[in-house]
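[1] kindly return the folded structure for what I paste below:
(one chain, ligands or ions: 1)
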Amino acid sequence: MELTMVKEQDTSIGETMEEKRVVYRTKELNLWYGEHHALKNIELDIYENEVTAIIGPSGCGKSTYIKTLNRMIELVPNVRTSGEITYRGRNIFDPTYRVEELRTQVGMVFQKPNPFPKSIYENVAYGPRIHGIRDKKILDEIVEKSLRGAAIWDEVKDRLHENAYGLSGGQQQRLCIARCLAIEPDVILMDEPTSALDPISTLKVEELMEELKKNYSIIIVTHNMQQAARISDRTAFFLNGEVVEFAETDQLFSTPADKRTEDYITGRFG
Ligand SMILES: Nc1ncnc2c1ncn2[C@@H]1O[C@H](COP(=O)(O)OP(=O)(O)OP(=O)(O)O)[C@@H](O)[C@H]1O
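    Model prediction:
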């Protein structure tokens, strides 16, 4: 009798801890562009301090899904959604949820590095300034910390006031990651962040992700299956707007549960 009780208690503690680690929970999410049904009954949990990879062939809905997580999708005309996405327990589609509030928690890095046509320093200081930080000393500290966090400080510390366009593509992408870190987000969304980079810069960004996940939760869309296998903890395989399989990355790549996942990861289509 006593043993049973202890066991039950253990299980419930375990579940509570697991529950706490969920950052985003997506339930029965559907999305239409006009008549086009682009996301179908998506069910997905994103966990804290993990890298979650979204893979799948072109047009399967990866970018649409990631843009829904920070509500960027609302910028597209004629988009309609049903279902629910909760971020830290709160429905992001709730009309009282201000998008600005969500975006201070959720940063995004895009496929093509997109620094502002300003100095390296100003690129990073921009977000904190918008949030009302004026003190030069505090801004200096944030800029240094963010550039260090994005593993680019040593390369740019002597040229902080030069234009960011003078950096290489790989450096620009790490600068964009630093810009994202400067607002101290909780989650970082990355939409094919290395597809425009050379192999060395790609490796640097991948190593960086490994480091960043200690403090952030990362969701990355990638076409590169080796990359997903290398850097992610969990992987979701999307196909025609549906999640075919969502599992721990090792498991999904070694013993996929669905034939379609197996066909995709072995290169039979896509
Ligand atoms: N703004 C839009 N208006 C209408 N349809 C769109 C729009 N954006 C995407 N779609 C359609 O929604 C589907 C999913 O597109 P999405 O860009 O999410 O796919 P993806 O998996 O990210 O593709 P890729 O790997 O090529 O970037 C596609 O059929 C696409 O044509």
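[2] what's the average pLDDT for stretch 40-58?
    When pLDDT is averaged over stretch 40-58, the result is 97.
[3] mean confidence (pLDDT) on the helix or strand that contains T81, please.
    Assigned by DSSP states H and E, T81 belongs to strand 79-87. Across strand 79-87, pLDDT averages out at 97.
[4] tell me the helix or strand right after the worst-scoring helix or strand of the chain on mean pLDDT.
    Least confident element among the helices and strands of the chain, by mean pLDDT, DSSP states H and E: helix 2-20 (a mean of 47). Going down the chain from helix 2-20, the next helix or strand is strand 22-33, by DSSP H and E.
[5] give me the low-pLDDT residue ranges for the stretch 101-250 of the chain?
    Counting by pLDDT under 70, not a single residue of the stretch 101-250 of the chain qualifies.
[6] and R90, what does it touch?
    Counting by CB atoms under 8 Å, 6 or more residues apart in numbering, R90 makes contact with Y97. Any C-beta I mention is one placed from the backbone N, CA and C, and that applies to glycine too.
[7] now it: phi and psi?
    Backbone torsions for R90, taken as degrees, to the nearest 10, come to phi -110, psi 130.
[8] helix/strand/coil for the closest residue to A236 other than its chain neighbours?
    Nearest non-adjacent residue to A236, counting by CB to CB, 6 or more residues apart in numbering: F246, 4.3 Å away. Under the three-state scheme (DSSP: H, G, I helix; E, B strand; the rest coil), F246 adopts strand.
[9] do stretch 111-119 and the ligand meet at all?
    No - counting by CB under 6 Å from any ligand atom, the ligand is not contacted by stretch 111-119; separation bottoms out at 8.3 Å.
[10] buried sites along that stretch?
    Buried residues in stretch 111-119, counted by 16 or more other CB atoms under 10 Å: Q111, P113, P115, S119.
[11] hmm, R129 is touching L139, no?
    Yes - between R129 and L139 there is a contact at 7.2 Å, judged by CB atoms under 8 Å.
[12] between those two, which one's more packed in?
    With neighbours defined as other CB atoms under 10 Å, R129 and L139 compare such that L139 has more, 18 against 14.
[13] just give the nearest non-adjacent residue to the more buried one, would you?
    A125 (4.9 Å).
[14] do I92 as well
    Closest residue to I92 apart from its sequence neighbours, by CB to CB, 6+ apart: I85 at 5.0 Å.
[15] for I133, same thing?
    Excluding its sequence neighbours, the residue lying closest to I133 (CB to CB, 6+ apart) is L139, at 6.0 Å.
[16] close to the ligand: what parts of the stretch 1-150 of the chain are there?
    Residues of the stretch 1-150 of the chain found near the ligand (CB under 6 Å from any ligand atom) are Y33, H36, A38, G56, S58, G59, C60, G61, K62, S63, T64, V76.
[17] in CSV: those residues, plus secondary structure and neighbour count.
    Output for these, formatted as CSV (DSSP: H, G, I helix; E, B strand; the rest coil; neighbours: other CB atoms under 10 Å):
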residue, secondary structure, neighbour count
Y33, strand, 15
H36, strand, 9
A38, strand, 21
G56, coil, 26
S58, coil, 8
G59, coil, 13
C60, coil, 23
G61, coil, 22
K62, helix, 23
S63, helix, 19
T64, helix, 20
V76, coil, 12
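[18] the residue nearest to E242 when sequence neighbours are not counted: what secondary structure?
    Nearest residue to E242 in three dimensions, chain neighbours excluded: K40, at 4.8 Å (CB to CB, 6+ apart). When classified by three-state DSSP, K40 comes out as strand.
[19] circling back: what residues are up against the residue nearest to I92?
    By CB under 8 Å, 6+ apart, the residues touching I85 are Y24, R25, T26, K27, L29, T68, L69, N91, I92, F93.
[20] beta partners of it?
    Legend: beta-bridge partners of I85 under DSSP bridges are T26.
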